[in-house]
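Enquirer: quick one: sequence and predicted model below, then my questions.
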Amino acid sequence: MIDDPTQDLAVAYILEELSPTDATRVEAQMRTDPGLALLVEELRESTAALALALPAHMPSAHLRRKVLAGIRSEASKPQSARIAAFPLWKPVLAGLAACLAIGLAVVGYDDQKARTQLSLVSQDLFALREKASDQRARIADLEKRDSLSKVRIALLSAQVAELAKASVVVVWDAEKQRGIIKLVDMPKPAPGKDYQLWVIDPRYSAPVSAGVLAIGNAASTVAYFKPNQVITSANTFAISIEKTGGASRPEGQIVLVSQ
Amino acid sequence: MSPDGDDQRRMEAELLSRVAEGDEGAFAELYDRFSPGLYSMALRIVGGSQEAEDVLQEAFHQIWRRATTYEPGRSSAFTWAVMILRNKAIDRLRARRRLSRTLEKAADLNYFSDIDDASAALPLRNEKEARVRSALASIPEDQKQAIGMAFFGGLTHEEIAERLSEPLGTIKARIRRGLLRLRDRLKEKA
């Protein structure tokens, strides 16, 4: 018989409410407690089944074409098991737009265009929520998409337990070929080591260096970066631990990766 | 689970394993099977059709990229996909809440109201849907409300307690009891 607190833990686990550390603890417990593992599986199945209770809606046919074209354009197979074997910890950061808002506000990011985009997003969300699905909202949505397409915002997830509490967000301006990164609760690297930021662009066979990140004593660090090559498509951002001063290619352990 | 359910689960797991090998045909088939359920859920969480389609697109992109991480022993393929989609949709919802606190205040607290009011009239996609709706109907309202706020609303137990002005322990118990009852009813009906 599983007691109530453990059942609560199982519920919190499937609802992804636990911190990465606590989630890892539950997973370890599941490996030695088949009863708990079964409970988690059953609760997860039951909860997911709620999707089937909803009134049926169909996405547009256009979306199907878009999704299939999207995977073809990647021109690659799904990620290998080796890469995927990293713990897929749920980011503990705030949402993408919130991070953009906070990041821009805190560091006084001087890009007026980004501020305008943020404002558009906010206004448009209001309109959608109020179900004002008129043409004006539609056009605003399209305009927002067009302008936002030049800015990429990425949350980085920890790949090692030591950085489970770290929160890292990157805002990348493709037009200006520069970005800003905010790191919160990042421990200092070991002596003789540096954190180095990388941009994965399918155009290049190797990750492109975006420089070494200096972590000070403050809980939060903000830095601008400019990759050393032109980035066409900033698919992924990653941070590795390298020797002091950085490396031309990643040689050390990748500790944070964007989703 | 019924033999039909087992067959379906096995077939969908096989599809996903073909997706993991880069089989675009299997991916298209999986899209056709899962997209109505996932889209309905995205719509329920984020509210707008355009944003729901964005979420669905992101989710399928992740399904394609992460298919190699799927473990058939841990969940069905559909459950795995639902959790991916929920994660994407809740991320957006939380970002939106931070952008506009006003939206939060206006948020609907009952995510199952339309199902409660008119479940008999809702068209069914398959027999499993009927089982889920019937199981859902057996859950007390306060438990159903808390589950909806947690699962579709992306609210933490603490946030739900605050919204409903109830002790945290009460909310935890409601969600726990509601989900256990849902599990039991689904087992009975399988």
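Expert: All right, it came through fine. Residues are numbered from 1 along each chain as shown, chains lettered A, B, ... in the order given.

Enquirer: report the buried residues of stretch B:54-72.
Expert: Buried residues in stretch B:54-72, counted by 16 or more other Cβ atoms under 10 Å in any protein chain shown: B:54-70. In this view, the C-beta of every residue, glycine as well, is placed from N, C-alpha and C.

Enquirer: now the helices: where do they sit in chain B?
Expert: Using DSSP state H, the helices assigned to chain B run over residues B:3-20, B:24-46, B:49-66, B:77-99, B:101-106, B:113-118, B:127-137, B:141-151, B:157-164, B:168-189.

Enquirer: I'd like these laid out as TSV, including distance to chain A.
Expert: Shown next, in TSV, are the helices of chain B (distance: least, Cβ to the nearest Cβ, whole Å):
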stretch	distance to chain A
helix B:3-20	6
helix B:24-46	4
helix B:49-66	5
helix B:77-99	2
helix B:101-106	6
helix B:113-118	6
helix B:127-137	5
helix B:141-151	5
helix B:157-164	7
helix B:168-189	4
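
Enquirer: okay, these in a markdown table with mean pLDDT next?
Expert: Output for those, formatted as a markdown table (pLDDT from 0 to 100):
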| stretch | mean pLDDT |
| --- | --- |
| helix B:3-20 | 83 |
| helix B:24-46 | 93 |
| helix B:49-66 | 92 |
| helix B:77-99 | 87 |
| helix B:101-106 | 45 |
| helix B:113-118 | 56 |
| helix B:127-137 | 84 |
| helix B:141-151 | 92 |
| helix B:157-164 | 91 |
| helix B:168-189 | 92 |
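
Enquirer: quick one, which of the ones you listed is nearest to A:T244?
Expert: Taking Cβ to Cβ, helix B:49-66 is the member of the helices of chain B nearest to A:T244, at 33.5 Å.

Enquirer: now A:V40. Nearest residue, chain neighbours left out?
Expert: Distance criterion Cβ to Cβ, 6 or more residues apart in numbering or on different chains; nearest residue to A:V40, sequence neighbours excluded, is A:A10 at 5.0 Å.

Enquirer: just the element for that neighbour, please.
Expert: Using DSSP states H and E, A:A10 maps to helix A:4-14.

Enquirer: so which bits of that helix are buried?
Expert: Applying a neighbour-count criterion of 16+ other Cβ under 10 Å, one finds A:6-14 buried in helix A:4-14.

Enquirer: that helix - contacts with which helices or strands?
Expert: helix A:20-32, helix A:34-48, helix B:168-189 (3 or more Cβ pairs under 8 Å, 6 or more residues apart in numbering or on different chains; DSSP states H and E).

Enquirer: now render these as CSV, adding mean neighbour count.
Expert: Listed next are the helices and strands packed on helix A:4-14 as CSV, based on neighbours: other Cβ atoms under 10 Å in any protein chain shown:
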stretch, mean neighbour count
helix A:20-32, 14
helix A:34-48, 19
helix B:168-189, 19
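
Enquirer: these: which one's closest to A:V255?
Expert: Nearest to A:V255 among these is helix A:20-32; the distance by Cβ to Cβ comes to 13.2 Å.

Enquirer: for the stretch 1-150 of chain A, which spans come out with low pLDDT?
Expert: Scanning the stretch 1-150 of chain A for pLDDT under 70 picks out A:74-150.

Enquirer: and residue 156, how many neighbours?
Expert: The chain I'm using is chain A. By other Cβ atoms under 10 Å in any protein chain shown, the residues close to A:L156 number 25.

Enquirer: try again with chain B
Expert: For B:T156, the count of nearby residues is 16 (other Cβ under 10 Å).

Enquirer: likewise B:E51?
Expert: 21.

Enquirer: okay but it is in contact with B:D91, surely?
Expert: No: using Cβ atoms under 8 Å, B:E51 makes no contact with B:D91, being 11.8 Å away.

Enquirer: shared neighbours, the two?
Expert: With contacts taken as Cβ atoms under 8 Å, 6 or more residues apart in numbering or on different chains, B:E51 and B:D91 have no neighbour in common.

Enquirer: three-state assignment of A:L63?
Expert: Assigned with DSSP: H, G, I helix; E, B strand; the rest coil, A:L63 falls in the helix class.

Enquirer: now it: closest residue in space, sequence neighbours ignored.
Expert: Using Cβ to Cβ, 6+ apart and skipping the chain neighbours, the partner closest in space to A:L63 is B:E53 (5.1 Å).

Enquirer: would A:E242 count as being in a strand?
Expert: Yes: assignment of A:E242 by three-state DSSP places it within a strand.

Enquirer: pLDDT wise, what is it at?
Expert: On pLDDT, A:E242 comes in at 92.

Enquirer: roughly how far does it sit from chain B?
Expert: 26 Å (Cβ to the nearest Cβ, to the nearest Å).

Enquirer: phi, psi for the residue nearest to the spatial centre of chain A please.
Expert: Relative to the mean C-alpha position of chain A, the nearest C-alpha, by Cα atoms, centre = their mean, is the one of A:L155, at 3.1 Å. Per-residue torsions, A:L155: phi -100, psi 140 (degrees, to the nearest 10).

Enquirer: isn't it up against A:S258?
Expert: Yes: if you go by Cβ under 8 Å, A:L155 and A:S258 touch, sitting 6.5 Å apart.
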